[in-house]
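In: Show me the folded form of this:
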Amino acid sequence: MRSDGRDLRRNYLMSRVERARRHIRTYFVRALVAGTSGSALVAGFVSASGETWPLLGYIGLAAGLTCVVLGGQAMTTPRYKYLPIIPGTSRGRKILGRPPQLPLRADALRSPTKQVDAARCDDPVYFAGLRALIGPSCPIVVVPSNRRDVSKPHEVLFPLFSSAGTRSRVTVDLTKFGIPIKEYSFERELPEGVQDADHTLAIKDLIYTPNLAATLAMRDGPVTDPLLWPEHCVDPALLSRHDVVVVGGPDTNFWHAALFEPVFRTFNEPPSSVPLALNLRRDNGTYPSYGSRSLAVRLEGLGEVLPHTREEYVELDERLYPTYGMILACRNPFAAAVGLSRWCVFIAGTRSLGTSGGVLALTMLFDQMNRSSGCNFSSLVRTTAPDVHASASAILYRVSEVERAMIAREGTIHSRQRNSMAPASVFHRG
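Out: Residues are numbered from 1 along each chain as shown. Here you go, the predicted model:
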């Protein structure tokens with residue numbers, strides 16, 4: 001670790017080549033239109049003056065103006081000093097300190113793997129499998145808060161709680177915290193139209209968080225700072241310095257949406273040929289909406305698990321899939337913006353039972369990877385090419401068994417027992 005806080009053992013930052021490539025993919029069309037329009041305007045003035053230029057002169061002028069506009073756009077985006085105007089020929093994925101990237105899988109010899117690789121988002125954690133989380137780390141686990149624990153809600157940086165309305169609109173400006181990420185807004189869907197204290201802190205969400213915290217702490221030895229943090233006790237600056245595990249969906253944990261939205265934007269601006277495999281985000285017009293009522297899935301082979309699914313994107317509704325959830329690992333967007341290499345993991349179920357199972361699942365995956373040096377976990381994701389698939393750090397899981405305490409039913413004490421949960425197809429048939 002260097003004195004400025006940068007970790008030399010890992011490098012999750014976007015390379016200069018990749019920054020240039022992303023910039024050109026994002027702004028080239030509008031720069032070309034601006035350059036061509038400028039060249040046409042000059043041609044009009046030249047023609048009006050009675051002079052004549054060769055065609056190559058106008059083409060060269062349009063090309064020059066296009067480059068000027070591209071460079072001007074670079075100077076208006078955050079962290080422009082890391083952006084060279086002329087990109088190299090390689091994507092620069094083999095960078096010292098990056099985890100090994102999982103290869104693309106093609107169904108045919110002439111599949112457009114190079115095109116898919118060139119147009120995918122450069123997230124070294126997402127494309128390395130969950131093994132990228134193993135190793136020296138600085139983790140914290142962020143869990144939902146109960147509003148009764150916050151004595152002065154008006155002093156909280158962001159509106160974590162809301163007492164009325166079906167949605168709570170939030171605008172996040174991170175520049176005031178020294179994090180150069182463009183301002184963004186989203187809406188949080190509140191359960192049943194009100195965010196009550198019981199829902200904001202679902203006890204089932206937290207059952208296995210001590211197990212996960214112990215697993216994370218064992219990797220680096222004793223720590224003096226807490227690993228478990230309520231959502232109202234963290235801030236953007238703290239999150240940018242740590243590897244983060246967010247437990248709970250956006251309707252219960254504010255930081256799920258606040259961290260996921262910039263992650264989604266890096267995959268969507270420009271569009272990545274390999275999308276995010278799992279999310280709780282929905283586009284509802286002007287503002288994206290976050291909740292836990294449905295889980296959006298884009299995984300290869302999903303039809304083998306859920307036989308009735310055939311669509312490219314599948315939404316798992318909580319009424320039909322109450323025991324399902326997601327584990328998604330990617331680069332920490334707050335940390336990347338300030339030049340640090342940290343990871344971020346989202347754990348969320350369509351209901352609390354699924355969230356609790358996800359925490360246990362991640363703990364078990366950590367244990368297995370720690371015991372076996374070659375063990376890794378990933379899922380195949382559908383790409384823009386129908387015969388090309390990518391492996392990503394995304395896990396769709398289902399809680400299959402629960403344990404019930406002793407109960408008193410109709411005057412009889414029933415002993416403690418474990419019960420198997422019905423599969424998804426049973427829920428689907430009702």
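In: show me where the stretch 301-430 of the chain has strands.
Out: 314-317, 324-331, 343-349, 379-382, 388-392, 394-398, 401-404, 407-409, 412-414, 417-420 (DSSP state E, counting those that start in this stretch).
In: Can you tell me which of those is nearest to residue 172?
Out: When those are compared by CB to CB, strand 343-349 sits nearest residue 172, at 15.3 Å. Every residue, glycine included, has its C-beta placed from N, CA and C.
In: That closest one: partners in the sheet, and parallel or antiparallel?
Out: Strand pairing for strand 343-349, determined by DSSP bridges: strand 243-247 (parallel), strand 324-331 (antiparallel).
In: now the longest one, how far from the centre of its chain.
Out: For strand 324-331, the separation from the chain centroid amounts to 8 Å (computed by CA atoms, centre = their mean, to the nearest Å).
In: Give me the mean pLDDT for it.
Out: The pLDDT scores in strand 324-331 average 95.
In: got it, and stretch 382-400?
Out: Averaged across stretch 382-400, the pLDDT comes to 91.
In: Give the buried residues for it.
Out: 382-383, 385, 388-399 (16 or more other CB atoms under 10 Å).
In: and of the residues you listed, the nearest to residue 418?
Out: Among the buried residues of stretch 382-400, residue 399 lies closest to residue 418 (CB to CB), at 12.0 Å.
In: dump the residue contacts of residue 227.
Out: Shown in contact with residue 227 (CB atoms under 8 Å, 6 or more residues apart in numbering): 139-141, 213, 216-217.
In: That one: what's its closest spatial neighbour, skipping adjacent residues?
Out: Closest residue to residue 227 apart from its sequence neighbours, by CB to CB, 6 or more residues apart in numbering: residue 213 at 4.2 Å.
In: can you count the residues close to residue 102?
Out: The burial count assigned to residue 102 is 19, neighbours taken as other CB atoms under 10 Å.
In: dump the residue contacts of it.
Out: Neighbours of residue 102 in contact, by CB under 8 Å, 6+ apart: 127-129, 376, 378, 390-392.
In: ok so, going back, farthest-separated two in the buried residues of stretch 382-400?
Out: Largest separation among these by CB to CB: 385 and 399, giving 33.7 Å.
In: domain ranges for this protein?
Out: Per automatic domain parsing, the domain ranges recorded for the chain read 16-95, 130-408.
In: Need the distance between the two termini of the longest one.
Out: Across domain 130-408, the straight-line distance between its terminal residues is 43 Å, by CA to CA, to the nearest Å.
In: Report the distance from that domain to the chain centre.
Out: Computed by CA atoms, centre = their mean, the chain-centroid distance of domain 130-408 equals 8 Å.
In: Pop out the phi and psi values for the residue nearest to residue 97 when sequence neighbours are not counted.
Out: Excluding its sequence neighbours, the residue lying closest to residue 97 (CB to CB, 6+ apart) is residue 11, at 3.3 Å. Per-residue torsions, residue 11: phi -140, psi 100 (degrees, to the nearest 10).
In: Residue 11: how many residues sit nearby?
Out: Number of residues near residue 11 (other CB under 10 Å) recorded here: 16.
In: Test my guess that it contacts residue 122.
Out: No. Using CB atoms under 8 Å as the test, residue 11 is too far from residue 122 to be in contact (11.6 Å).
In: what are the C-alpha coordinates of stretch 168-176, in CSV please?
Out: C-alpha atoms of stretch 168-176 as CSV (Å, rounded to 0.1, in the frame of the first residue of the first chain):
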residue,chain,number,x,y,z
SER,A,168,-38.9,8.5,-3.2
ARG,A,169,-36.9,10.5,-5.7
VAL,A,170,-33.2,11.0,-5.0
THR,A,171,-30.5,13.1,-6.7
VAL,A,172,-26.9,12.2,-5.9
ASP,A,173,-24.2,14.8,-6.4
LEU,A,174,-20.8,13.3,-5.4
THR,A,175,-18.6,16.1,-6.6
LYS,A,176,-19.0,17.9,-3.2
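In: just the helices in the stretch 51-200 of the chain please.
Out: 55-76, 113-118, 197-200 (DSSP state H, counting those that start in this stretch).
In: rank those by pLDDT, which is bottom?
Out: Lowest mean pLDDT of the helices of the stretch 51-200 of the chain: helix 197-200, a mean of 51.
In: Could you list every helix and strand in contact with the helix or strand that comes right after it?
Out: Of the helices and strands lying after helix 197-200 in sequence (DSSP states H and E), the nearest is helix 203-206. If you count contacts as 3 or more CB pairs under 8 Å, 6 or more residues apart in numbering; DSSP states H and E, helix 203-206 packs onto helix 352-371.
In: mind redoing it with 10 Å?
Out: strand 139-143, strand 343-349, helix 352-371 (3 or more CB pairs under 10 Å, 6 or more residues apart in numbering; DSSP states H and E).
In: follow-up on the earlier one: please identify the deepest-packed of the strands of the stretch 301-430 of the chain.
Out: Ranked by mean neighbour count under mean count of other CB atoms under 10 Å, the strands of the stretch 301-430 of the chain are led by strand 343-349, which reaches a mean of 28.
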